Every structure is written in structure tokens, then in C-alpha cells.
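Asks: Give me a model of this one.
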Amino acid sequence: MAAPYSAESFRQRVHARLNHWGAHEFGDHSFNPGLGVAFKNIKRQPAAVLVPVIAHEREATILLTERTHDLPSHPGQIAFPGGKIDAADASAEAAALREAQEEIGLSPGHVEVLGRAPGYLTGSGFHIVPILALVAPNVELTLNRREVADAFEVPLSFLMNPANHRRASRIWQGVERTFFEMPYRDRNIWGVTAGILRVLYEQLYGEE
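Replies: The predicted structure follows:
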């Protein structure tokens, strides 16, 4: 049997549970029940992110990026590679792969797409489709310095351990919002990125 946080175990978990996700959607409302129906009915732009699981031999990691500090939206935050789905994109998968190549120079030839995680609804007006994928280890990246300040890996065992998931809150648009954050070394993974990771934990590892 594959080690619990190996790339092969991740692949097996995704394939075993992929069909059970159905059309269920998660999002900021999952952690803020008071947002109600109005939140879910907000008109949203379609977007896709790549969740790149690096297939190291002993233990997989997840590749994340740090956005540059002069971007107009979410400056300096930790994020997955991704962005809006363009009209020219054939699918959410195509959009995620395109964005990853544009942002960090990750060639689609090094990526094995496993499937889609449940959609994630954000308060900032996006419907995000997380694309789960395995990525070959030791791939050389070329960062787009206009958008990405850094790229780094975090062990899958850290991100899928609920002991590392901390609830926090902030006032946003005059309302207190609860969210997850996952401090790792000198970085703080929070907001939508941490929300997607929390959903992955609940769907893939939460019953153990």
C-alpha cells in the first residue's frame, strides 16, 4: 500500500472519491454559515487554479506561489497558479495549465491532470475550479516576475494535517468573516488558498 502522503496515494484517493463529489460546491460560505443564500447567488466569473502536487519519491509536496506586492488584487498573498477562464480556453483544465505556464513556466508536458476538486465560491466574485494534478519532480521553473515573487513547496503531510489549520477572522466589507490560515515557516497561507486546501483535506483525508 502506498505511503499516506506519497504521490501515488494522492492519486488513488482522488480517483476513489472523484465521482462522489458531484456538483457540490464549497467556498467562503462553508466557513461562514451566516452568509446565506445571497452569497451563493452572487454573479461570479469562472476561474481555475492548478493544485500542483510534486511527485517526489518519498513524500509529495504542493507547489504554491507568492504574488508580487504591486498587483492590483491580492498582492503578496500565497496562491495556486491560476486565473480567469478565457473564452479561448477549451476547459477549466486548459485554463489552469495555461496560467501555470504563464505564471511559473510550468510546461503542460510535466503535468498529469487527475481531475477536478469541488468548485470554490469566493466573496470577491469568482467561481474557482481547482484542477488536481501530479507534477514531475525537479522541474525547472521560470517565474513571471510581474506576477510571481516566489514559488515554493510545502509538504503534503503538513497541509493535510488539521493540526496545522487555524481559524481566524477579519472584518471584510463591514462584516466579520471567518477563514482558515496555515502558517508555514515564514509564510502564512490563508484565505481562498487555505480554504481550498481545507476542502481537499476534508474530502481526501478527513475520515482518517
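Asks: buried residues in stretch 177-196?
Replies: Of all the residues in stretch 177-196, those buried under the rule 16 or more other CB atoms under 10 Å are 177, 179-182, 184, 189-196. Just so you know, the C-beta spots here come from the backbone N, C-alpha and C atoms, and that holds for glycine as well.
Asks: start to end distance for stretch 180-199?
Replies: 11 Å (CA to CA, to the nearest Å).
Asks: ugh, typo on my part, it should be stretch 137-153
Replies: So stretch 137-153: terminal residues 11 Å apart, CA to CA.
Asks: coming back round to it: with the buried residues of stretch 177-196 in mind, which one is nearest to A7?
Replies: I196 (18.7 Å; CB to CB).
Asks: Would you mind checking the average pLDDT for the helix or strand encompassing that closest one?
Replies: Element membership for I196, per DSSP states H and E: helix 191-200. In this model, helix 191-200 has a mean pLDDT of 94.
Asks: Please apply the same query to stretch 166-174.
Replies: Per-residue pLDDT over stretch 166-174 has a mean of 77.
Asks: Check stretch 57-71 too.
Replies: Here the average pLDDT along stretch 57-71 is 91.
Asks: Nearest residue to I104 in space, ignoring adjacent ones along the chain?
Replies: Among residues not flanking I104 along the chain, L141 sits closest, at 4.8 Å (CB to CB, 6 or more residues apart in numbering).
Asks: show me what contacts the one you found?
Replies: 104-106, 151 (CB atoms under 8 Å, 6 or more residues apart in numbering).
Asks: can you check Y201 too?
Replies: 159-160, 162, 165.
Asks: That one and A60, how far apart?
Replies: Distance of Y201 to A60, given as CB to CB, to the nearest Å: 14 Å.
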